[in-house]
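# Return atomic coordinates for the entry below.
(one chain, ligands or ions: 1)
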Amino acid sequence: MRLDIVTIFPEFFGVLDVSLLGRARAAGVIEVGVHDLRDHTHDRHRTVDDTPYGGGAGMVMKPEPWGEALDALLTPRSVLIVPSPAGHPFTQRQARELAVREHLVFACGRYEGIDQRVVDHYSERTEVRVLSIGDYVLNGGEVATMAMIEAIARLVPGVVGNPESLTEESHEDGLLEYPSYTKPASWRGLEVPPVLLSGNHGAVADWRREQQLARTRAIRPDLIEKP
Ligand SMILES: Nc1ccccc1-c1cnco1
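Here you go, the predicted structure:
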């Protein structure tokens, strides 16, 4: 898989050289390119934004630099991902779908966003996904991009050492994960649930499933499909 990121803060992604993704890059499983949007400006001030048509506060990112930057990166097999508070929810299902794609290009917008014609133009030519990581306001797409890259990259074969560890996790099966415990069996007067010490694997599996359902009902009833 190849990831390309376009941003006005390329230094923000320096951290990708360490952590899980760093190993994946070293193993050649994932290639990452970070590109400065300002390299696609041609004025003395390297301008990437301007005032919004129709008035209003803030600035909008100009379409021309984005057009030049994305033309240089996108191929018909790419997916253009645009983080946005107005996007479709980024979910584990999205992460799984994107983890098997060849080429992801992330467009990190700032200010009040990117001129809408950029999404409209590329939607005619390639797959575009406008995605939100949650219902809150960030200053730009970089943090959202980092979160999505971590969620996606860890699903790419060869990135995580033990693929088993990818299955029993929250949202992987549509439910929240069960509570976990380790030694000591007693800590500050709190005991590990006895079933987990019983050695009865069937009983442990049943208990864990019950815990998943109870937790999901209590914390995220929205995740439980309506009949
Ligand atoms: N708030 C934002 C501002 C700019 C780019 C993305 C976002 C975003 C993405 N998911 C939630 O918010």
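# Kindly report the residues of this structure close to the ligand.
Contact residues (CB under 6 Å from any ligand atom) of the chain with the ligand: Pro83, Ser84, Pro85, Gly109, Ser132, Ile133, Gly134, Val137, Leu138, Gly140, Gly141, Ala144. In this view, the C-beta of every residue, glycine as well, is placed from N, C-alpha and C.
# and the residues you listed as CSV, adding pLDDT?
Listed next are the residues of the chain next to the ligand as CSV, based on pLDDT from 0 to 100:
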residue, pLDDT
Pro83, 98
Ser84, 97
Pro85, 96
Gly109, 98
Ser132, 98
Ile133, 98
Gly134, 97
Val137, 95
Leu138, 96
Gly140, 97
Gly141, 98
Ala144, 98
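# from those, which is closest to Asp115?
Minimum distance to Asp115 across those is 9.6 Å, recorded for Gly109 (CB to CB).
# going on from the lowest-mean-pLDDT helix or strand in the chain, what's the next piece of helix or strand?
Using mean pLDDT, DSSP states H and E, helix 19-26 stands out as the lowest-scoring helix or strand of the chain, at a mean of 79. Later in the chain than helix 19-26, the nearest helix or strand by DSSP states H and E is strand 31-36.
# What helices and strands are in contact with the helix or strand following that following strand?
Using DSSP H and E, the helix or strand that follows strand 31-36 in sequence is strand 49-50. Counting contacts by 3 or more CB pairs under 8 Å, 6 or more residues apart in numbering; DSSP states H and E, strand 49-50 packs against strand 60-61.
# What lies in contact with the strand it packs on?
The contact list for strand 60-61, computed with CB atoms under 8 Å, 6 or more residues apart in numbering, reads 37, 48-52, 109-115.
# Buried among the residues you listed? Need that as a selection in PyMOL.
Entered in PyMOL, the line below selects the buried ones among the contacts of strand 60-61, by 16 or more other CB atoms under 10 Å:
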select buried, resi 37+48+49+109+110+111+113+114+115
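# which among the contacts of strand 60-61 gets closest to the ligand?
Gly109 (5.2 Å; CB to the nearest ligand atom).
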